[in-house]
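**Student:** got a predicted structure here, sequence first:
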Amino acid sequence: MDMDMEMELKRYVKVWVLATTCLCYCYYVAARLPKGALRLLSILPVIYIFIILPITLTSVSLCGPTAFFLVWLANFKLLLFSFGQAPLSPPPPKLFHFISLACLPIKLMQKTDNDNNPSPSFMPRLLLVIKTFVLLLLLHVHNYRQFIHPYVFLSLYCLEMYLQIELVLAISAIPARALFRFEIEPQFNEPYLATSLQDFWGHRWNLMVTSILRPTVYYPVSEFSKRLIGPKWASLPGVVATFVVSGLMHEVIFFYLTRVSPTWEVTWFFILHGICVAMEVALKKMVKDRWQLHRAI
């Protein structure tokens, strides 16, 4: 077992050394090419390498985050980079800033007029400590699974998955905060306080994925739809298309974790949620004018 883990760690190091080398190529070579088709062609080999790299890993704890960081986040950011869009374009002045922005689940916080008086960060840190403690309790609950109703245990397991994802993303952002002093936007926004599906998916859950899907899927599809159905309803196809892509990418991540053929249940789950969010947006548009308050109010 120790030998297997040692070999897995060696493969893990090789994966990230190769990934870093590929990003160096993007920074020093691809970035010098004009944005558009030529830069995209120069980056396609890197995208292919990022797709196959996680397959060499067998540990769920190493393969899962690696697949998420490289296959989803980095590849989508490189696609945007090909066409001169943020967050990698224009390239940051330092190589390691470029690498961090490319493959870590971080988004730099936009500077505002209130930057001179930053709000205290005590509460977010306290919440993170509390969530860590709750996660440890939930892991301990597994020892008493036989005494817990299956539906109750399933609910606790969903909470456990949320806490694990949030903590993994928070830990992965620590190097960027510590080494480069990046001010990073929150990766989650207390999703348990969501008031609707649109609020949950658009403003609270895994905001790093949301920030990548908007420019890569939502904005292009919505812009194209304006020519067909007009600006009022153009966002609806964009919403559905975004959820379709998200579902497909979740299937890809699950394939890396399980190495079995996809069942497409996850994709249909996201398609259903996409349709529901589109219906919510449409309903809000229809009742907006009717329920507006009087100007005097």
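**Tutor:** Happy to help now that I have it.
**Student:** just name the shakiest helix or strand of this protein by mean pLDDT.
**Tutor:** Here the helix or strand of the chain ranked lowest by mean pLDDT, DSSP states H and E is helix 174-180, holding a mean of 78.
**Student:** what does that helix rub up against?
**Tutor:** By CB atoms under 8 Å, 6 or more residues apart in numbering, the surrounding residues in contact with helix 174-180 are 94, 96-97, 100, 104, 106, 182, 184. Using the backbone N, CA and C atoms, a C-beta is placed for each residue, glycine as well.
**Student:** can you tell me the centre-most residue of the chain?
**Tutor:** For the chain, the residue nearest the mean C-alpha position is V209 (2.5 Å; CA atoms, centre = their mean).
**Student:** wait, that residue touches F243, no?
**Tutor:** No - V209 is beyond contact range of F243, at 11.4 Å (criterion: CB atoms under 8 Å).
**Student:** any stretches of this structure with poor pLDDT?
**Tutor:** Scanning the chain for pLDDT under 70 picks out the ranges 1, 111-122, 289-297.
**Student:** walk me through the domains of it.
**Tutor:** 1-106, 120-172, 187-289 (automatic domain parsing).
**Student:** on that earlier part again, please, a PyMOL command that selects the buried ones among the contacts of helix 174-180?
**Tutor:** Of the contacts of helix 174-180, the buried ones go into a single PyMOL selection, burial set by 16 or more other CB atoms under 10 Å:
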select buried, resi 96+97+100+104+106+182+184
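**Student:** reformat the contacts of helix 174-180 as a markdown table; add secondary structure.
**Tutor:** Converted to a markdown table, those look like this (DSSP: H, G, I helix; E, B strand; the rest coil):
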| residue | secondary structure |
| --- | --- |
| K94 | coil |
| F96 | helix |
| H97 | helix |
| S100 | helix |
| L104 | coil |
| I106 | coil |
| F182 | coil |
| I184 | strand |
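**Student:** can you tell me which of the contacts of helix 174-180 is nearest T21?
**Tutor:** Here the nearest of the contacts of helix 174-180 to T21, counting by CB to CB, is F96; it sits at 13.4 Å.
**Student:** how close does that closest one get to Y144?
**Tutor:** The spacing between F96 and Y144, counted by CB to CB, to the nearest Å, is 45 Å.
**Student:** let me see the ranges of the helices in the stretch 151-297 of the chain.
**Tutor:** All helices of the stretch 151-297 of the chain, identified by DSSP state H, counting those that start in this stretch, fall at 174-180, 197-203, 207-213, 219-229, 235-258, 265-288.
**Student:** I130 is nearest to which of the ones you listed?
**Tutor:** Nearest to I130 among these is helix 174-180 (18.1 Å), distances taken as CB to CB.
**Student:** residues of the closest one that come out buried?
**Tutor:** Within helix 174-180, the residues scored as buried using 16+ other CB under 10 Å are 176, 180.
**Student:** need phi/psi at the residue lying closest to K226 once chain neighbours are set aside.
**Tutor:** Leaving aside its chain neighbours, K226 sits nearest to A234 (4.3 Å; criterion: CB to CB, 6 or more residues apart in numbering). The phi/psi pair for A234 (degrees, to the nearest 10) reads phi -70, psi -20.
**Student:** A234 contacts E223, doesn't it?
**Tutor:** Yes - A234 lies in contact with E223 (CB under 8 Å); the separation is 7.4 Å.
**Student:** who's more crowded, those two?
**Tutor:** Neighbour tally, A234 and E223, criterion other CB atoms under 10 Å: the higher count belongs to A234, 17 against 12.
**Student:** what about V245, how many residues nearby?
**Tutor:** V245, neighbours per other CB under 10 Å, totals 19.
**Student:** run a quick neighbour tally on the residue nearest to it when sequence neighbours are not counted.
**Tutor:** Spatial nearest neighbour of V245, excluding adjacent residues (CB to CB, 6+ apart): V217 at 4.9 Å. Applying other CB under 10 Å, we find 19 residues neighbouring V217.
**Student:** residue contacts, V217?
**Tutor:** V217 sits next to 238, 241-242, 245 when contact means CB under 8 Å, 6+ apart.
**Student:** for S82, same thing?
**Tutor:** Taking CB under 8 Å, 6+ apart, one finds 30, 35-36, 39-40, 43 in contact with S82.
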